[in-house]
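Colleague: What follows is a predicted structure for the sequence shown.
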Amino acid sequence: MLWRRNGHVGAKTYLFVHSSLILTLYICILSCTYTYTHIHSEARVISYFSRPCSLKVFLPPKMLRRTFLSAERRIPFYPINSNNPIVFFDISIGSQPAGRVEMELFKDVVPKTAENFRALCTGEKGVGRSGKPLWFKGSRFHRVIPQFMCQGGDFTAGNGTGGESIYGHKFPDESFAGRAGRHFGPGTLSMANAGPNTNGSQFFICTAPTDWLDGKHVVFGQVTKGYDVIMKVETQGSQSGATRQPITVTDCGEIKQE
């Protein structure tokens, strides 16, 4: 009931009360819209078909809310095989060094894919068909999506449209058996592609479980040290994949095991 004076509603009171009701309704609508958007944005499919090496990403709600405070304790995920190569990236964020990441390559499971990445770390193959050195040094992580992955390896174009393998532009999926077919979570090292049998030089390092990529992207290694550096890189990403600052591989190579 509106307050009345002498049986009639005062004009000022009428305007005040109705304005308050409209404002309250507007706030409720905004609140409901935000809640709906927030909830439904947590279960979404993000597809980037404009770039050759793209990942189709499904992010369930529980995964987005999940934190990985104990990720460092699970690195490496598998026991290290001393016969497999160990390679490294020295990474900078902007102009500041972020640290070193070491990775084991699963030569025992996918030798051709592992050799491609190892040689791209050392730069030993010289110049490729693109006219650019077959070398990760100086390349950038061009796409970083928090709680999903960090993608790099495009040393020809730098934006996800390029890259080249040591075997030529593309090579087939080597295997999805065993470790090669399992994206186990933080520290997974896997090949980015544009579909079946389109592997080049682009790769990604997972920062969350991504089992929907099993059987679609070849897993060829794991982070063994320096996952804290990957976590720093992850903070520079966005849901679109654009990075806040340039994330550069300032040096890379192979660590010879004694």
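Modeller: Thanks, I have the structure now. Residues are numbered from 1 along each chain as shown.
Colleague: Next, name the residue at the spatial heart of the chain.
Modeller: The centroid of the chain falls nearest to M149 when counting by Cα atoms, centre = their mean (1.9 Å).
Colleague: which one is that residue nearest to, not counting chain neighbours?
Modeller: Among residues not flanking M149 along the chain, F204 sits closest, at 4.3 Å (Cβ to Cβ, 6 or more residues apart in numbering). C-beta: built from backbone N, CA, C; applies to glycine.
Colleague: The helix or strand where that neighbour lies - contacts with which helices or strands?
Modeller: Secondary structure here is read from DSSP states H and E; on that basis F204 sits in strand 203-206. Packed against strand 203-206 by the contact rule (3 or more Cβ pairs under 8 Å, 6 or more residues apart in numbering; DSSP states H and E) you find strand 149-152, strand 188-191.
Colleague: For it, give me every contacting residue.
Modeller: Contacts of strand 203-206 with the rest of the structure, by Cβ atoms under 8 Å, 6 or more residues apart in numbering, involve 55, 101, 117, 148-153, 183, 185-192, 217, 223, 230.
Colleague: Could you do stretch 95-103 as well?
Modeller: The contact list for stretch 95-103, computed with Cβ under 8 Å, 6+ apart, reads 86-92, 189, 205, 221-230, 232-233, 247, 250, 255.
Colleague: now do stretch 158-168
Modeller: Outside of stretch 158-168, the residues that reach it under the criterion Cβ under 8 Å, 6+ apart are 48, 51-54, 112, 115-116, 119-120, 125, 128-130, 132, 134, 139-140, 142-143, 151, 153-157, 171, 199-202.
Colleague: Give the buried residues for it.
Modeller: Neighbour counts using 16 or more other Cβ atoms under 10 Å place 160, 162-166 of stretch 158-168 among the buried residues.
Colleague: Those in strands, which ones?
Modeller: In this view, these have no member that belongs to strands under DSSP state E.
Colleague: re earlier: same list (the helices and strands packed on strand 203-206) but as CSV, adding distance to I80.
Modeller: Compiled in CSV, the helices and strands packed on strand 203-206 are given as follows (distance: least, Cβ to Cβ, whole Å):
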stretch, distance to I80
strand 149-152, 21
strand 188-191, 13
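Colleague: for the stretch 151-258 of the chain, what spans make up the strands?
Modeller: Along the stretch 151-258 of the chain, the stretches classed as strands by DSSP state E, counting those that start in this stretch are 188-191, 203-206, 219-225, 247-255.
Colleague: I'd like to know how far the spatially closest residue to P172 that is not a sequence neighbour sits from K170.
Modeller: With Cβ to Cβ, 6+ apart as the measure, N197 is the residue that lies nearest to P172, at 4.2 Å, once sequence neighbours are left out. Separation of N197 from K170 (Cβ to Cβ, to the nearest Å) stands at 7 Å.
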